[in-house]
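Participant: What follows is a protein structure lacking sequence information:
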């Protein structure tokens, strides 16, 4: 079991009040034989999961979708929040970063970006011209890869600074300049430091490399091929798509993206996302702690905490416990969101246990044990 403080403190803002309500659920699940034959999931195990969610054992779950072998085996929606229903966009917060990572991979494949090894400042010569020689020297080794792995080395205290934690830096119209002028205090690549502004910078890189915003690229490269029609992507005050948050998408459509990744980026025989990028971007690049590793805006389990049988699972995670788990070897994709209500100036979140967010425990206690090999 988990023994450390984990990633979830990095991406959320917790309120001191509790504004949770009991939820009722609408559940759609195919018959037992279909589950066994097509999805390869144990009906009894899923029934146990449904009962546990309805009892509130995993907090305020708003949406729970489980797909295996291309079959939607379980579909649950909490009745207290219309935002969680299949045809309404859900704010997925930092899952936005994982989608942004997919766009970077496609941009590289299309020739807009040479590689992740490109110096970050090569995209921002207009800012470089106003820097001193010492400032440029401190930044010359920072690459796009370092921005993607949160290891750029800038001074940034997101978990301790309330303004940064709440995204207060978004109030500037020049996020790039705000961030690039921060002191470099560690060797690029040496230390993980969660930094929302780096994702915004990567979004700006995409815009400068392609001439189109991440929203426009997502529509062209991902959402239109997948038949995703109802979605939004917020922009910064500078006019570029927000990189760290801002994507609102229906849970069922998010599931489509997960299934595409699980299938190696192939849709109806056509490569939408390069398989090499999916493998590369979701690989463990830097250690967060004993439980988690980090790739290019994707998380992985180390196998040291919940279970040593991690089955190649990688996942996207957003504020208030929005999850998308992908296990290509098992052909399994799970999307879970929480019912979110305002409590003062913050959102409530799902239950948290000594072993981490309760929503995450569903995967290990019910979903993976339901898989029929």
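Facilitator: Received the coordinates, thanks. Please read these numbers as outputs of a predicted model, since none were measured by experiment.
Participant: Relative to residue 258, how far out is the closest residue to residue 313 other than its chain neighbours?
Facilitator: Ranked by C-beta to C-beta, 6 or more residues apart in numbering and with sequence neighbours excluded, the top spatial neighbour of residue 313 is residue 327, at 4.7 Å. In this view, the C-beta of every residue, glycine as well, is placed from N, C-alpha and C. According to C-beta to C-beta, to the nearest Å, residue 327 and residue 258 sit 10 Å apart.
Participant: Can you work out which residues contact both of those two?
Facilitator: residue 333 (C-beta atoms under 8 Å, 6 or more residues apart in numbering).
Participant: quick one on the thing from earlier: how about the residue nearest to residue 313, what does it touch?
Facilitator: 262, 311, 312, 313, 333.
Participant: how close does it sit to residue 310?
Facilitator: 9 Å.
Participant: likewise residue 298?
Facilitator: 14 Å.
Participant: higher neighbour count, those two?
Facilitator: Counted by other C-beta atoms under 10 Å, residue 298 and residue 310 do not tie: residue 298 has more neighbours, with 25 against 18.
Participant: For the closest residue to the more buried one other than its chain neighbours, grab phi and psi.
Facilitator: Spatial nearest neighbour of residue 298, chain neighbours left out: residue 282 (4.5 Å); criterion: C-beta to C-beta, 6+ apart. Phi and psi for residue 282, reported as degrees, to the nearest 10, are phi -100, psi 0.
Participant: can you count the residues close to residue 282?
Facilitator: Neighbours of residue 282 (other C-beta under 10 Å): 24.
Participant: you'd agree it is up against residue 295?
Facilitator: Yes: Residue 282 lies in contact with residue 295 (C-beta atoms under 8 Å); the separation is 5.0 Å.
Participant: What's the separation between residue 306 and residue 364?
Facilitator: Counting by C-beta to C-beta - residue 306 and residue 364 are separated by 5 Å.
Participant: neighbour-wise, which of these two wins?
Facilitator: residue 306 (21 against 17).
Participant: looking at this, that one is in a strand?
Facilitator: No: read with DSSP: H, G, I helix; E, B strand; the rest coil, residue 306 is coil and lies in no strand.
Participant: Torsion angles phi and psi at it?
Facilitator: Backbone geometry at residue 306, expressed as degrees, to the nearest 10, gives phi -60, psi -50.
Participant: which residues in the stretch 101-250 of the chain form helices?
Facilitator: Listed in chain order, the helices of the stretch 101-250 of the chain (DSSP state H, counting those that start in this stretch) span residues 125-128, 133-139, 144-148, 162-165, 175-180, 196-210, 214-218, 224-226.
Participant: For the residue lying farthest from the centre of the chain, give me its contacts.
Facilitator: Distance from the centre of the chain peaks at residue 133, with 36.5 Å (C-alpha atoms, centre = their mean). If a contact means C-beta under 8 Å, 6+ apart, then residue 133 has no contacts.
Participant: With residue 238 instead?
Facilitator: 173, 174, 175, 176, 204.
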